[in-house]
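Asks: just need the structure, nothing else, for what follows:
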Amino acid sequence: MFAVSQTARYLGVSPATVRNYTRQFADHLSPTASPPPGQPRRFTEEDLRVMATVKSLLTEGVTYEQARRRLADGLHLVEDLDLPLPPRGREPTETALVPMASVHLIVQPYIDQTEQLRKERDQALSRVVELERHLGRLEGLLESQRRSWLQRLLGRG
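Replies: Numbering: from 1, shown residues only. Next up is the predicted model:
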């Protein structure tokens with residue numbers, strides 16, 4: 001039997017999609033796929049074949065209703081594809097608990113580097129603002145010199 005997370009990984013979809021398929025195609029799945037409230041969903045190998053068929057059909061543009069009809073007619077595309085099934089047993093240890101002190105030791109250099117980069121960015125932005133002000137003053141001075149020169153040339157200064 002496979003959990004929702006294992007089934008989602010196998011199909012390459014989100015757990016929410018697995019739950020949606022379970023609701024939409026309950027008539028074609030085992031009773032353990034839609035257990036009573038408070039009990040976990042468990043999927044059989046046949047459930048995985050059905051859901052893989054559903055995913056394939058939906059990817060091709062078939063509607064939910066058309067997919068239900070094809071399943072009712074006995075269509076199971078996955079039987080011919082010989083897809084590998086997820087490993088049985090315990091969930092992978094990718095989600096193992098790690099002490100926060102260990103995480104802190106690993107992450108802290110990146111936090112420090114990020115803070116340093118933020119400080120450098122803020123300093124650079126301050127310098128840009130300062131340079132823009134200076135540029136504005138220089139442009140004003142240049143404009144006044146240009147008018148003055150033009151007025152002298154035209155004999156108006």
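
Asks: just the helices in the chain please.
Replies: 4-11, 15-24, 45-59, 64-72, 78-81, 100-153 (DSSP state H).

Asks: weakest of these by average pLDDT?
Replies: Comparing mean pLDDT across these, the weakest is helix 78-81, with a mean of 51.

Asks: domain boundaries for the chain, per the record?
Replies: For the chain, whose domains are defined here by automatic domain parsing, the residue ranges read 4-95, 97-157.

Asks: let's have those domains in JSON lines, adding mean neighbour count.
Replies: Just so you know, the C-beta spots here come from the backbone N, C-alpha and C atoms, and that holds for glycine as well. What follows is the domains of the chain, written out as JSON lines (neighbours: other Cβ atoms under 10 Å):
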{"stretch": "domain 4-95", "mean neighbour count": "15"}
{"stretch": "domain 97-157", "mean neighbour count": "10"}
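
Asks: picking that back up, what's the closest of the helices of the chain to P31?
Replies: With Cβ to Cβ as the criterion, P31 lies closest to helix 45-59 of the helices of the chain, at 10.3 Å.

Asks: tell me what angle the closest one forms with helix 4-11.
Replies: Interaxial angle, helix 45-59 versus helix 4-11 (axes from the mean of the first three to the mean of the last three Cα atoms, to 10 degrees): 50 degrees.

Asks: and helix 45-59, what does it pack against?
Replies: Using 3 or more Cβ pairs under 8 Å, 6 or more residues apart in numbering; DSSP states H and E, the elements in contact with helix 45-59 are helix 4-11, helix 15-24, helix 64-72, helix 78-81.

Asks: which one, of those, ends up nearest to V107?
Replies: Closest approach to V107 among these (Cβ to Cβ): helix 4-11, 25.4 Å.

Asks: list the contacts of that closest one.
Replies: Residues lying outside helix 4-11 but in contact with it, judged by Cβ atoms under 8 Å, 6 or more residues apart in numbering, are 2, 14-15, 17-19, 40-41, 43, 47-48, 51-52, 55, 85-86, 91.

Asks: between helix 15-24 and it, find me the angle.
Replies: Using the same axes, to 10 degrees: helix 4-11 against helix 15-24 is 100 degrees.

Asks: contacting residues around T17?
Replies: T17 makes contact with 8, 11, according to Cβ under 8 Å, 6+ apart.

Asks: tell me how far it lies from V62.
Replies: Taking Cβ to Cβ, to the nearest Å as the criterion, T17 is separated from V62 by 16 Å.

Asks: need the contact list for the closest residue in space to T32 that isn't next to it in sequence.
Replies: Nearest residue to T32 in three dimensions, chain neighbours excluded: R42, at 4.3 Å (Cβ to Cβ, 6 or more residues apart in numbering). With contacts defined as Cβ under 8 Å, 6+ apart, the neighbours of R42 are 1-3, 32-33, 35.
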